[in-house]
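**Q** Okay, structure incoming, though there's no sequence with it:
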């Protein structure tokens, strides 16, 4: 063929290519028939795969009936959605039935209002103004903690005063001792006042009558008994009930020490050491103790026959007994690490073989002295010298006091005519002169314990009273659990990244698997373990963590959440401040919960213009800013991180100047001459241009500092943010300015000014509702006085029959939502109701109906494909790809039979038809949804049994049928596919052999034609040669 250059022979003119093609077509017919047959087999194989896929889809739909959630799905409806809404928590299956719940009240936020001011610009004196959530010294305990944790049966009590007047006090919804006292004191019918007296309730009669002061139960209830007032009837003006608040075995360690808890050192580590009289040394490991019972059990196990521990007889402390004899001092001391013995109140020495610990609970309402004075405590109290204004003097011994209430009672019991009580802010005490004299009120230290100073009541002046101010009740300790933060919502564990002033950064991992932080102490230890210049501890006021920079660098101390929100929750993401520590300027981050404003700082200076007042009141969003001087020096301002504590224009200016100094850049920031913006002046030399740019926000632009730099008369480049705010007037120093400053504190309180028709008042509203979100306002030394116009209250639900004394369970929520609590439901209180609301939990049929419809759709798709694949067209005499095949017949027969069979042994339901499923004339399934819903409503368990009985149910019987079709190893489709593939493989081998043979035959034909051409060409050449032969004349000679 190599010599062929034309499809036609050049010599013979024979059409060689056409001739060879025709000859090969004849020779290739057997191969073409085999190729056609093989392609048909491949199409059949594709059809088998398609049908198998449909069957698998049907099986997938059927397998949904195995899910228990189809049958256990629930819906909840409320009989009065205007009062209460109900829903089912995701992934739960509450019991079907009806429950009765009464929405008692909705949650509310506390609101305070000040006295009236004539105008918004009125001055209101000097002093400081502080806000914090919690920290009160007089909070009553929960009624659930009374009577050894058994609580109080809620109901009503009847009080009769000495004049014979009676009042029925409804305590059905009381949750705390404060609720009980408020209900009694506001009754309006009897002249009786209730107060707390240690672990009891005290009633004081003011009627002036001569009868008995008495308390009785109502309708057979036990409420008075639970309060220690049952059977009380005395012919006296005062009556104290029984002791109802005592420590008990199951009491958690976290509830001790006024909720500051006890921090254990962990299992396998000694918590404290005990020395017994016989010289025995015991190392006590409390392990992972959670309750007081755990503590006493661990001590008793370690002590064996030599040491015993129990709750003391007064129910307020632990008591250890040395069972040995000898001359060694019986003592308990903290271990090298931790302060467990001190926190349990048992550190010290015993007497007579007994060591009585310190009080661990403050009583029904009050504060332990050990929890005052911030993290350092008040120290040991001693003698207090008191002289009233009439000259009456006494020395009060406070050494026996264990609670602040004890201090108040001891002062009130003195011969000096003074009265002590909790102060107005409820964060300390106030001592009032009651003598009527005009001399100096003198309260002084009576010994070296300096008790007057410690209590903040030292005075020698012609005043009627002395107020301690804040006694700094500790509200955060190393033992505080992270789960208790954010009002009990806990924190999102993650990592905290800290940077010291030397620029070194490191991350505290608080969520490492198996080592997750659980307490504030864990967070402190994780920070202190970092190899950078930072130290963490509880701050001096006992209401936050203090991080101190020890690097002494020129950078900025900062803390950020790399993940989670622990740093934010503990107030550690705020900007660092500089304080003097041992006469050294040191950066600290104080996560204190107390926010304080100096009222003398609310001047009319532009420095005090609030960032929140800019841009027509829209404020600015703090972000990072970069300044580049003419000399190329860069100044980084981290306003959404280390420098985030700014609230005023003056704060911004201070940060810029501080960071410029740290960078060694000769740039200064100040107010411009017009007093309407920030002025930046660059004293550096260089060929560059002073620029201010935003890094990740718009703060620089919002402060009007991104404009082109100009040069002033001194030849220095400057940027002037003129027009940022108007020139400041005097009114900016008044009530409105204070409200704005409060709002910038981010203290969880919103301040506003209101006009009451006569004058202006400052209104404070706590941002979050609930009992725990009560704001403590300390305005001591200022002209402010506040009244409460709305209480901080949890929402309440009564679960059960509230018509019987003590019946029902009272449940609380800070935000009106009760998640997965009552009956396993999510309930939301919309409004209070005088009657119960019925919540009906029923089986929801939507998931089941959807699953059945999915099965119907899957089967009908299968039927459609099967009909197409097995079709026969008489007119064209054509068939579907699987017409007449065994596999198609098996699918039709077996699945049809499974859907129409009767299933025995499953109760009343035996066929799919009873569930609303029927087979139409075209072989497809039809679903009657109403019939299915009715069957499920009537017998949900029966429907589940029919569909999903593991042995005889619909799924169990259908599964082997489907597996017989689609199983990879034994299914009919698999076998058919393999058989087809085997035939296809054999055919393709034969086709390949045919092709090779035909190729050889074709090559031979072309060769033969080539040779023919060559031969003919040669013959023609020979013939031409012969034709050109000329006769040769014979040679002759001539003789002469």
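**A** Cool, the structure landed. The model shown is predicted, which means the values in this text are computed figures rather than measured ones.
**Q** List the contacts of residue 189.
**A** For residue 189, the contacting residues are 165, 166, 167, by CB atoms under 8 Å, 6 or more residues apart in numbering. C-beta: built from backbone N, CA, C; applies to glycine.
**Q** Could you grab the helix/strand/coil label for the spatially closest residue to the last one that is not a sequence neighbour?
**A** With CB to CB, 6 or more residues apart in numbering as the measure, residue 189 is the residue that lies nearest to residue 167, at 3.7 Å, once sequence neighbours are left out. On the three-state scheme (DSSP: H, G, I helix; E, B strand; the rest coil), residue 189 is labelled coil.
**Q** Next one: residue 189 from residue 289, what distance?
**A** Distance, residue 189 to residue 289, using CB to CB, to the nearest Å: 48 Å.
**Q** Mind listing what's buried along the lengthiest strand in the chain?
**A** Longest strand in the chain by number of residues (criterion: DSSP state E): strand 97-105. Across strand 97-105, burial judged by 16 or more other CB atoms under 10 Å covers 99, 100, 101, 102, 103, 104, 105.
**Q** so after that strand, what's the next helix or strand?
**A** strand 111-114 (DSSP states H and E).
**Q** residues contacting the residue nearest to residue 881 when sequence neighbours are not counted?
**A** Using CB to CB, 6+ apart and skipping residues adjacent in sequence, the residue nearest residue 881 is residue 47, 3.9 Å away. Going by CB under 8 Å, 6+ apart, residue 47 touches 869, 880, 881, 882.
**Q** Report the contact partners of residue 390.
**A** Residue 390 touches 417, 435, 436, 437, 439, counting by CB under 8 Å, 6+ apart.
**Q** so how far is the strand or helix carrying residue 1009 off the chain centroid?
**A** Per DSSP H and E: residue 1009 is located in helix 972-1027. Put simply, helix 972-1027 sits 79 Å off its chain's centre (CA atoms, centre = their mean, to the nearest Å).
**Q** for it, packing partners?
**A** Secondary-structure packing of helix 972-1027 (3 or more CB pairs under 8 Å, 6 or more residues apart in numbering; DSSP states H and E): helix 16-27, helix 29-63, helix 886-900, helix 954-966.
**Q** So what angle separates the directions of the first one and helix 29-63?
**A** Going back to what we said before, that points to helix 16-27. 60 degrees (axes from the mean of the first three to the mean of the last three CA atoms, to 10 degrees).
**Q** tell me which residues of helix 16-27 are tucked away?
**A** So, applying 16+ other CB under 10 Å, buried residues of helix 16-27: 16, 17, 20.
**Q** Show me what it is packed up against.
**A** Secondary-structure packing of helix 16-27 (3+ CB pairs under 8 Å, 6+ apart): helix 972-1027.
**Q** which regions of this structure lie under the pLDDT threshold?
**A** 1-6, 121-125, 601-607, 727-733, 801-806, 1032-1040 (pLDDT under 70).
**Q** domain parsing for it?
**A** With automatic domain parsing as the criterion, the domains of the chain are listed as 54-70+845-958, 77-103+796-843, 111-134+732-790, 143-240, 263-356, 369-467, 482-592, 605-728.
**Q** can you redo those as a markdown table with distance to residue 1015?
**A** Listed next are the domains of the chain as a markdown table, based on distance: least, CB to CB, whole Å:
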| stretch | distance to residue 1015 |
| --- | --- |
| domain 54-70+845-958 | 53 |
| domain 77-103+796-843 | 93 |
| domain 111-134+732-790 | 109 |
| domain 143-240 | 121 |
| domain 263-356 | 108 |
| domain 369-467 | 120 |
| domain 482-592 | 92 |
| domain 605-728 | 92 |
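**Q** before we move on, the earlier item: export the contacts of residue 47 to CSV and append columns for distance to residue 548.
**A** Shown next, in CSV, are those (distance: CB to CB, whole Å):
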residue, distance to residue 548
869, 80
880, 84
881, 82
882, 82
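**Q** who wins for neighbours among these?
**A** Most neighbours among the contacts of residue 47, by other CB atoms under 10 Å: residue 882, with 24 neighbours.
**Q** Surely residue 741 forms part of a helix?
**A** Yes: assessed by three-state DSSP, residue 741 belongs to a helix.
**Q** That one - nearest residue in space that isn't next to it in sequence?
**A** residue 597 (5.6 Å).
**Q** mind listing what that neighbour touches?
**A** 128, 129, 130, 738, 741, 742, 745.
**Q** Recalculate using a threshold of 7 Å.
**A** Contacts of residue 597 were listed using CB atoms under 7 Å, 6 or more residues apart in numbering, and they are 128, 129, 741, 742.
**Q** repeat for residue 579
**A** Neighbouring residues of residue 579 by CB under 7 Å, 6+ apart: 586, 588.
**Q** again, 8 Å this time
**A** Residues in contact with residue 579 (CB under 8 Å, 6+ apart) are 585, 586, 588.
**Q** wait, isn't residue 970 in contact with residue 978?
**A** No: using CB atoms under 8 Å, residue 970 is not in contact with residue 978; the gap is 11.3 Å.
**Q** before we move on, the earlier item: redo the contacts of residue 189 as TSV? Include secondary structure and neighbour count.
**A** As requested, the contacts of residue 189 are arranged in TSV below (DSSP: H, G, I helix; E, B strand; the rest coil; neighbours: other CB atoms under 10 Å):
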residue	secondary structure	neighbour count
165	coil	16
166	strand	12
167	strand	17
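**Q** okay if I get the helices and strands packed on helix 972-1027 as a markdown table plus distance to residue 1029?
**A** Shown next, in a markdown table, are the helices and strands packed on helix 972-1027 (distance: least, CB to CB, whole Å):
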| stretch | distance to residue 1029 |
| --- | --- |
| helix 16-27 | 33 |
| helix 29-63 | 51 |
| helix 886-900 | 82 |
| helix 954-966 | 88 |
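**Q** Any idea which of those gets closest to residue 346?
**A** Checking the helices and strands packed on helix 972-1027 against residue 346 by CB to CB gives helix 29-63 as the closest, at 62.5 Å.
**Q** what comes up buried for that closest one?
**A** Of the residues in helix 29-63, 31, 34-35, 38, 41, 44-45, 47-48, 50-52, 54-59, 61-62 count as buried by neighbour count, 16+ other CB under 10 Å.
**Q** same thing with stretch 145-162?
**A** 145-148, 152-162.
**Q** For residue 313, which non-adjacent residue is spatially closest?
**A** Closest to residue 313 by CB to CB, 6+ apart is residue 319, at 7.8 Å.
**Q** now residue 958
**A** residue 898 is the one closest to residue 958 (CB to CB, 6+ apart), at 5.0 Å.
**Q** in terms of contact, does that neighbour touch residue 956 like I think?
**A** No: Residue 898 sits out of contact with residue 956 when judged by CB under 8 Å, with a separation of 11.2 Å.
**Q** ok, the two, which is more surrounded?
**A** Comparing residue 898 with residue 956 by other CB under 10 Å, the one with more neighbours is residue 898, at 18 against 15.
**Q** Tell me, how many residues neighbour the nearest residue to residue 12 once chain neighbours are set aside?
**A** Nearest non-adjacent residue to residue 12, counting by CB to CB, 6+ apart: residue 1016, 5.4 Å away. Counted with other CB under 10 Å, the neighbours of residue 1016 add up to 15.
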